[in-house]
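Novice: Pasting the sequence and the predicted model now:
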Number of protein chains: 2
Amino acid sequence: MTGLLGNKVITQIGILVHDIDKVSQAYADFFGVTKPDAIITDTVDIAQTEYNGGPSPARAKLAFFDMGSLQVELIEPDEHPSTWRDYLDEHGEGPHHIAFVIEGMKEKITLLESKGFPLQQKGEYTGGRYAYMDTFKELKVLVELLENDKK
Amino acid sequence: MTGLLGNKVITQIGILVHDIDKVSQAYADFFGVTKPDAIITDTVDIAQTEYNGGPSPARAKLAFFDMGSLQVELIEPDEHPSTWRDYLDEHGEGPHHIAFVIEGMKEKITLLESKGFPLQQKGEYTGGRYAYMDTFKELKVLVELLENDKK
């Protein structure tokens, strides 16, 4: 029994916020770490962002905190349609996804879709790519796939 | 900089659900593991459950999944007032808390309260005790403290 992902190690928890600067400072103070600089996801021409099957100019500010063997990722989305923006509008601030490192992104997306878990959003980042699969109905949280290029 | 907890290793993500049997089966199928038996928290006389400063008869069914170095804890609360029931009623199903193992529960609760993070619920379990601190406004997720008795 290897499961659909071939992996069950949670590598990241993603949390949606309205004000990443303020929440980053709160995490830094609470956990006694330096406040990280927020980064911003690439523009659609570079990130090739697709949401619900079409390209989206949506971007987000991200900040990462190492919390043991996994990261907390704070996410402040812009106003364009994305899984981040729509989930934030619907659920309010709070956790959005758990992430897993996988191999073979295209095959994994096909497999998950065949099992009833639709692709919601995907894109590229420097060194890899991500995909959010809509597992909310079944798992009560979204699953993000992360594939990192071999170095 | 050690932070308020003296620890930043996330040991658990707690997820609220309406039907623990159904969601446990979905996790088992998705991650390729055996469906665990749900356990039920102790009655108030044993658990000494306190919610918002007073005793509460609230109980919950729990199911645990090992996901790398941390656990996913599924939580199906009963109808009595608790952090689980009230958060579920307010936010719907989904992630509720991240948990950290700490030492010195009483002192940690006092310290966190002095920093503006109120105690929301606490109780005993076999081998230890827990406390949910209301960090939602600042961290956008609740923090649970877990103290395990020395063996």
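Specialist: Happy to help now that I have it.

Novice: Next up, the contacts around residue A:121.
Specialist: A:49-52, A:56, A:82-83, A:131-132 (CB atoms under 8 Å, 6 or more residues apart in numbering or on different chains). (Glycine included, C-beta is placed from N, CA and C.)

Novice: Could you report the neighbour count for residue A:33?
Specialist: 16 (other CB atoms under 10 Å in any protein chain shown).

Novice: Double-check that it belongs to a helix.
Specialist: No - per DSSP: H, G, I helix; E, B strand; the rest coil, residue A:33 lies outside any helix segment and is coil.

Novice: Any idea how many residues pack against the nearest residue to residue A:93 once chain neighbours are set aside?
Specialist: Using CB to CB, 6 or more residues apart in numbering or on different chains and skipping residues adjacent in sequence, the residue nearest residue A:93 is residue B:140, 4.6 Å away. For residue B:140, the count of nearby residues is 20 (other CB under 10 Å).

Novice: next one: phi and psi at residue B:140?
Specialist: Here is the backbone geometry of residue B:140 (degrees, to the nearest 10): phi 70, psi 20.

Novice: quick one: contacts for it?
Specialist: By CB under 8 Å, 6+ apart, the contact list for residue B:140 reads A:15-17, A:23, A:74, A:93-95.

Novice: Now flag whichever of those residues is closest to residue B:87.
Specialist: residue A:94 (9.8 Å; CB to CB).

Novice: Please name the bridge partners of the closest one.
Specialist: Beta-bridge pairing of residue A:94, defined through DSSP bridges, involves residue A:16.

Novice: how about the contacts of residue B:140, which pair is most distant?
Specialist: A:23 and A:95 (12.6 Å).

Novice: if I look at these two, which residues touch both of them?
Specialist: Common neighbours of residue A:23 and residue A:95 (CB under 8 Å, 6+ apart) are A:15, B:140.

Novice: who does the helix or strand bottoming out on mean pLDDT in chain A touch, helix- and strand-wise?
Specialist: Lowest by mean pLDDT, DSSP states H and E among the helices and strands of chain A is helix A:44-47, with a mean of 93. Counting contacts by 3 or more CB pairs under 8 Å, 6 or more residues apart in numbering or on different chains; DSSP states H and E, helix A:44-47 packs against strand A:119-125.
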